[in-house]
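A.B. asks: Provide a 3D model corresponding to the input given below.
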Amino acid sequence: MTDLNRLPGDRFEGFCHFILESGHEGSPWAVQDALYIQKNVPFGYCEKCGIYIRQRDGTLKTKAELAREARRTFWQRFWANFKTIGRLVWSGGKAIGDEDAYPYDICPMGEHKEHIGDAYSYAGLHLLKEGDQLTIYAKENKDEIVWYGKIKLREQDPYKRPWQEGVERDVWYKWFLGKYPATLIIS
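C.D. replies: Numbers count the residues shown, from 1 in each chain. The predicted structure follows:
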């Protein structure tokens with residue numbers, strides 16, 4: 001996150017972003033700078049079953065490697081769920097609390113679909129601070145301003161996240177979780 005590079009008057013175009021990471025204290029609200037977003041990046045895993053189909057260097061795995069990984073994933077999931085699976089109801093042969101759910105839904109060979117999406121960089125993530133000026137635009141029409149003002153976060157109890165004073169909490173959450181377009185000017 002780029003708190004060190006913030007200078008008063010700096011302007012960032014991007015979208016509202018909600019941060020939820022372990023070890024991150026303070027405001028979860030940020031603006032992701034559009035200059036630090038890569039479009040249509042292959043992520044290396046199947047979007048249907050979640051198994052990794054690319055190695056870290058970006059080369060595709062062989063069919064044998066995919067089969068080996070599918071077997072390994074199957075058995076890891078099997079042993080992770082062994083307590084549930086092991087407690088069979090003798091009369092019906094089903095696991096207790098298991099409604100015919102088969103947890104091992106790995107795609108058949110050759111039917112994986114690699115997830116492709118946008119990749120964000122921490123270098124373009126700007127946390128909102130008191131006094132920053134924020135403009136949030138409509139998602140469908142960037143010419144329509146939904147909210148404009150200076151950041152003054154309303155504190156809550158320690159188990160809830162703060163939100164902008166004068167804005168309904170659900171609306172504020174909707175803008176950031178929905179990644180609405182925004183402009184941030186540092187104070």
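
A.B. asks: ok, which stretches of this structure are strands?
C.D. replies: Secondary structure of the chain (DSSP state E): strands located at 11-18, 29-33, 37-46, 114-120, 125-127, 133-137, 145-150, 153-154, 163-164, 181-185.

A.B. asks: Now that we have these, can you turn them into a markdown table and tack on mean pLDDT?
C.D. replies: Putting the strands of the chain into a markdown table (pLDDT from 0 to 100) gives the following:
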| stretch | mean pLDDT |
| --- | --- |
| strand 11-18 | 92 |
| strand 29-33 | 90 |
| strand 37-46 | 86 |
| strand 114-120 | 88 |
| strand 125-127 | 88 |
| strand 133-137 | 96 |
| strand 145-150 | 95 |
| strand 153-154 | 80 |
| strand 163-164 | 82 |
| strand 181-185 | 95 |
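
A.B. asks: tally of neighbours for Asp132?
C.D. replies: By the criterion of other Cβ atoms under 10 Å, Asp132 has 22 neighbours. Every C-beta, even on glycine, is put in place using the N, C-alpha and C of the backbone.

A.B. asks: I should have written Phe15 there, sorry.
C.D. replies: Counted with other Cβ under 10 Å, residues neighbouring Phe15 total 22.

A.B. asks: What of Gly124?
C.D. replies: Residues lying near Gly124 (other Cβ under 10 Å) number 19.

A.B. asks: Low-confidence ranges, the protein, go.
C.D. replies: In the predicted model, the chain carries pLDDT under 70 at residues 1-6, 22-27, 54-64, 78-105, 156-160.

A.B. asks: per the record, what domains does it have?
C.D. replies: Per the record, the chain has its domains at 3-37+119-185, 48-112, by automatic domain parsing.

A.B. asks: Could you work out the end-to-end span of the last one for me?
C.D. replies: Spelled out, that is domain 48-112. Across domain 48-112, the terminal residues are separated by 7 Å (Cα to Cα, to the nearest Å).
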